[in-house]
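J.: Pasting the sequence and the predicted model now:
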Amino acid sequence: MGVTKTDAYTATQNQLADLFKVLGHPARVAILQKLLTTDCCICRDFTAEIDLSQPTISRHLKELKAAGLIAGTVEGTSVSYCINAPRWREVQALLNGIFDAFKQDCC
C-alpha cells in the first residue's frame with residue numbers, strides 16, 4: 001500500500017483530513033455531542049452514555065484531546081473533559097470554508 005503524499009496537498013486540506021480521521025468514529029461523535037450539551041463530564045460518565053468499555057472510551061478521549069477538540073483537567077483521581085472552545089471555532093471555520101466554496105447547483 002502506498003504512502004500518502006501529504007506535501008502534495010495544502011495545509012488546509014491536510015488539516016481537514018486529519019480532523020475527519022478523528023471524527024470518523026461514531027463513539028467520538030457521541031462524546032463530542034455529550035460534551036456540547038454539558039459543561040464538563042468526568043470520563044467515567046461516558047460509559048452510561050456510550051456502550052463501550054472504559055478503556056475504549058479513554059482511547060477515544062485521548063484521540064479527541066490530541067486533535068485539540070477537547071480539553072481535560074485532573075481533579076484528584078478523575079479527569080473532567082470539556083470542549084476546547086478556541087479549537088472548536090477553528091474547526092468551524094475550516095468546515096465553513098468548504099461549504100462556502102459551493103457556488104452552484106449542478107446536475
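T.: Ah, there it is.
J.: ok, the helix or strand of the chain with the lowest mean pLDDT: who's next to it in the sheet?
T.: Sorting the helices and strands of the chain by mean pLDDT, DSSP states H and E puts strand 41-42 at the bottom, at a mean of 76. Next to strand 41-42 in the sheet, as set by DSSP bridges, lie strand 78-83 (antiparallel).
J.: Quick one: distance of the next helix or strand after the partner strand to the chain centre.
T.: Using DSSP states H and E, the next helix or strand after strand 78-83 towards the C-terminus is helix 85-100. Relative to its parent chain, helix 85-100 has a centroid offset of 12 Å by CA atoms, centre = their mean, to the nearest Å.
J.: List the buried residues in helix 85-100.
T.: Trp88, Val91 (16 or more other CB atoms under 10 Å). Just so you know, the C-beta spots here come from the backbone N, C-alpha and C atoms, and that holds for glycine as well.
J.: And the average pLDDT for that helix is what?
T.: Mean pLDDT, computed over helix 85-100, is 94.
J.: Quick check, Ile31 in contact with Asp45.
T.: No. If you go by CB atoms under 8 Å, Ile31 and Asp45 don't touch, sitting 10.4 Å apart.
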